[in-house]
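A.B. asks: take this sequence and fold it.
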Amino acid sequence: MKNIFITAILSIWFVSCSTDELDQSPISDLGANGFYSNTEEFEIAINGAYSTLRFFPDTQFHLQEVRSDNMYAITETGVRPFEPVNNLDNSIATNTYLSDVWDTNFEGILRVNTILESLNDNVVSDQATRERMEGEAKFLRAFFYFDLVKTFGKVPLIDQVYTPAQTLEIGRSDVSEIYNLIVSDLNAAISLLPPSFSGNQLGKATSWAAKAMLGKVYLTKSGPTYGIEGPGLNSGEYNLAIDLFDDVINNGPFDYEDDYATIFDYDNENNSEIIFDIQYNSGAEVGADYPSITVPDAYLRANGAGFTNGEDNKRVSEDLINSYDLLDVRDDVTIIDGYTDENNIFNDVTFYGKYIDLNFKGRDRFDWGLNYPVIRYTDVQLMRAEAILMSNTGRQTDVDTPVNFIRTRAGLVGNLANVDIDGLLAEKRLEFAGENTRWADLVRTGKVVQVMNAWITNDDVSGKIATMKEDFVIYPVPSNQITVKEGLYQQNEGYN
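C.D. replies: Next up is the predicted model:
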C-alpha cells in the first residue's frame, strides 16, 4: 500500500516570503507564526519537510553518477547542465544542479528548524508523538546537512530560525562543526524514533535508518582529506561505523532479496532490502522524475509512454559495460543495450533501465510511482566491509561473505577470497550502478583521483573531460550565493 505522508501542503511555507527573499536567504525565517496549534498541523509540517526530498534522486544522479566513471555526457548541440559536471569543468559555479542542492537542502533545514523550535512549546501534548516528531526532524536535518557537506564541504551552520538579515552575517562553518551537528542529530533520532512504521506512515525515517545513516557518516568522515575542506576528515572512526552496521545487520528486520530484479520492482516496494527510501505515488502530484532522466526520448515514444522528456545524452560508459560478466543478471536489470525506435530503426546506445517499467508509467515524466532506495541492506553489508578493510580490523569473513552472496545472487560462479578494497569497489560498482553511489565510494576510499584519471585516459569518448584533481572532490559554492554579500562566502579552491 502506498503511504500518504509524502503528500504535503507546500504553499504554507511561502506565505510570508517573496521569491527574491528566498533566492538571497534560503536559510532564513519562513514565518510560520501561529501555524502550529495542534498535532495535526505538526504532522503536516513534518510531511512538508519530507517533501523536499522529492528531487533528491535527480541531483544525486547528475552530481554523483554522471560525475563518475560510470557515465558519458555527450551533447550534439548546445551544452546541457550535466555536461560540464561530467567534464570536470572548473567553471560550473552557475550550474543549476548546484543551486538546486544548496537551495533545496537549506529549505529543508529551515523547515525542520521551524518545527523543532515550535515543538519546544509543547503544542503537541502527547510525549511519545512529540518525541517521534523531534526524531524525524533531526533525522532530516542530518540528512540535508550530510548531502551539503558531501557536495560543498564547508557550509553555513544553521540550527535555529533566523531572519533574512541575520543570515547575511553567517559564514561557512568548518566541516568538523557540521559533522558535530549531524552526529548529534542522528544520535537523537536513534533514541527518539520507533524501529518501524506501518500503514500510511510507511517510509518514514526509523531508528534503524538513523543508525545506518550515522554509520555512513562515520565512514565518510573517516575518509581522506585530499588537502581540501571536504567530506573526509581522516577521523579514524571506522570502528564506530562498524558497530552501527553490525547492529543493523544482526538486529534489524532487514535481509537480502533473493532476486536482484525484485529490489526495484514496482510491485515490491518497501521490501526486505529497504532501510530508507524516498516515497513516490503516481497520479497524486507526488510522482518521481528520476526514471525519465536516465532514458532517451525516442525510447519512451517507441514504447508507448505517452510522453517524452527523456534524455539521450547520458550514456553508460564502455568501461562499466565491459565490467559485467556475461552471466551477470545485474547487467540486464541495470542497463538497456540499445532499442528500436518508432521508425523501426535500431539505436545502438546504452542507458540505465533499472528504474523503468512502462507498465507502471504515470501521466507525464514527473509521475513515476517507484520509490527511490537511499539505503538498502546490501549497501550496509558492503559499507561494513569497506570500514573493515579501511581500518585493517580483520574480520575478512565479513568482507568476503557479502561479496560472494551478491555475486551468487547475480548468477556468477565461484567464490572470491581475501577481497581487498579494489575488489570490493569493483563488486559494489556492478551491484549499485545507476544508484548514485559510485562517486562517493571512490571519494571515501581515497581512490577517486587514480580511478578517474585512468578512466579518462582510456575511455573518454568525448575528449572533453579534464584531468581529475583533488579540488574536484567537492563542488563550487553556487555563484548566486557568493554574490549575496561580498566576502560572506569564499569560493572553494580550484573553481572560478
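
A.B. asks: phi, psi of the spatially closest residue to Ile321 that is not a sequence neighbour?
C.D. replies: The shortest distance from Ile321 to any non-neighbouring residue, by CB to CB, 6 or more residues apart in numbering, is to Thr350 (6.1 Å). All C-beta spots, glycine's among them, are computed from the backbone N, C-alpha and C. Dihedral pair for Thr350: phi -120, psi 140, per degrees, to the nearest 10.

A.B. asks: again with Asn90
C.D. replies: phi -90, psi 10.

A.B. asks: give me the number of residues near Glu150?
C.D. replies: Just so we're on the same page, residue 150 is Lys rather than Glu. 24 (other CB atoms under 10 Å).

A.B. asks: repeat for Gly232
C.D. replies: Neighbours of Gly232 using other CB under 10 Å come to 25.

A.B. asks: and the pLDDT at it?
C.D. replies: We have a pLDDT of 98 for Gly232.

A.B. asks: same check on Asn38?
C.D. replies: pLDDT at Asn38 comes out at 88.

A.B. asks: show me what contacts it?
C.D. replies: The contact partners of Asn38, by CB atoms under 8 Å, 6 or more residues apart in numbering, come to Val123, Val124.

A.B. asks: run the last query once more with 7 Å
C.D. replies: Val123 (CB atoms under 7 Å, 6 or more residues apart in numbering).

A.B. asks: dihedrals phi and psi, Gly223?
C.D. replies: According to degrees, to the nearest 10, Gly223 has phi -70, psi 170.

A.B. asks: who touches the residue nearest to it when sequence neighbours are not counted in this structure?
C.D. replies: Leaving aside its sequence neighbours, Gly223 sits nearest to Gly232 (CB to CB, 6+ apart; 3.3 Å). By CB under 7 Å, 6+ apart, the contact set of Gly232 is Thr220, Gly223, Pro224, Thr225, Tyr226, Arg444.

A.B. asks: and Gly232, helix, strand or coil?
C.D. replies: coil (DSSP: H, G, I helix; E, B strand; the rest coil).

A.B. asks: pull the CA atoms of the helix or strand that contains Val112 into PDB?
C.D. replies: Assigned by DSSP states H and E, Val112 falls within helix 96-119. Extracted in PDB, the C-alpha atoms of helix 96-119 (Å, rounded to 0.1, in the frame of the first residue of the first chain):
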ATOM      1  CA  THR A  96      21.600  24.800 -11.900                       C
ATOM      2  CA  TYR A  97      22.200  21.400 -10.200                       C
ATOM      3  CA  LEU A  98      24.400  23.000  -7.600                       C
ATOM      4  CA  SER A  99      22.000  25.800  -6.800                       C
ATOM      5  CA  ASP A 100      19.200  23.200  -6.600                       C
ATOM      6  CA  VAL A 101      21.200  21.200  -4.000                       C
ATOM      7  CA  TRP A 102      22.000  24.300  -1.900                       C
ATOM      8  CA  ASP A 103      18.500  25.800  -2.000                       C
ATOM      9  CA  THR A 104      16.600  22.600  -1.500                       C
ATOM     10  CA  ASN A 105      18.700  21.400   1.400                       C
ATOM     11  CA  PHE A 106      18.600  24.700   3.200                       C
ATOM     12  CA  GLU A 107      14.800  24.900   2.600                       C
ATOM     13  CA  GLY A 108      14.500  21.500   4.300                       C
ATOM     14  CA  ILE A 109      16.800  22.700   7.100                       C
ATOM     15  CA  LEU A 110      14.700  25.800   7.600                       C
ATOM     16  CA  ARG A 111      11.500  23.700   7.800                       C
ATOM     17  CA  VAL A 112      12.800  21.300  10.400                       C
ATOM     18  CA  ASN A 113      14.400  24.200  12.400                       C
ATOM     19  CA  THR A 114      10.900  25.800  12.500                       C
ATOM     20  CA  ILE A 115       9.400  22.600  13.600                       C
ATOM     21  CA  LEU A 116      11.900  22.000  16.400                       C
ATOM     22  CA  GLU A 117      11.600  25.500  17.800                       C
ATOM     23  CA  SER A 118       7.800  25.200  17.800                       C
ATOM     24  CA  LEU A 119       7.800  21.700  19.400                       C
END
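
A.B. asks: tell me the buried residues in that helix?
C.D. replies: 97-116, 118-119 (16 or more other CB atoms under 10 Å).

A.B. asks: any chance of CSV for the contacts of Gly232, columns pLDDT and neighbour count?
C.D. replies: Formatted as CSV, those follow (pLDDT from 0 to 100; neighbours: other CB atoms under 10 Å):
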residue, pLDDT, neighbour count
Thr220, 99, 24
Gly223, 98, 23
Pro224, 98, 20
Thr225, 98, 16
Tyr226, 98, 20
Arg444, 99, 25
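
A.B. asks: quick one: which of the residues you listed sit in helices?
C.D. replies: Thr220, Arg444 (DSSP state H).

A.B. asks: in its sheet, what does the helix or strand containing Phe276 sit against?
C.D. replies: For Phe276, the host element (DSSP H and E) is strand 274-278. Strands that pair with strand 274-278, judged by DSSP bridges, come out as strand 372-376 (antiparallel).

A.B. asks: I would like the residues contacting the partner strand, please.
C.D. replies: 57, 209, 212-213, 263, 273-278, 288, 290, 435.

A.B. asks: what's the following helix or strand after that strand?
C.D. replies: Using DSSP H and E, the first helix or strand after strand 372-376 is helix 377-391.

A.B. asks: which stretches of the stretch 1-150 of the chain have low pLDDT?
C.D. replies: 1-35, 75-79, 121 (pLDDT under 70).

A.B. asks: show me the helices in it, by range?
C.D. replies: 19-24, 39-51, 56-60, 82-86, 96-119, 127-152 (DSSP state H, counting those that start in this stretch).
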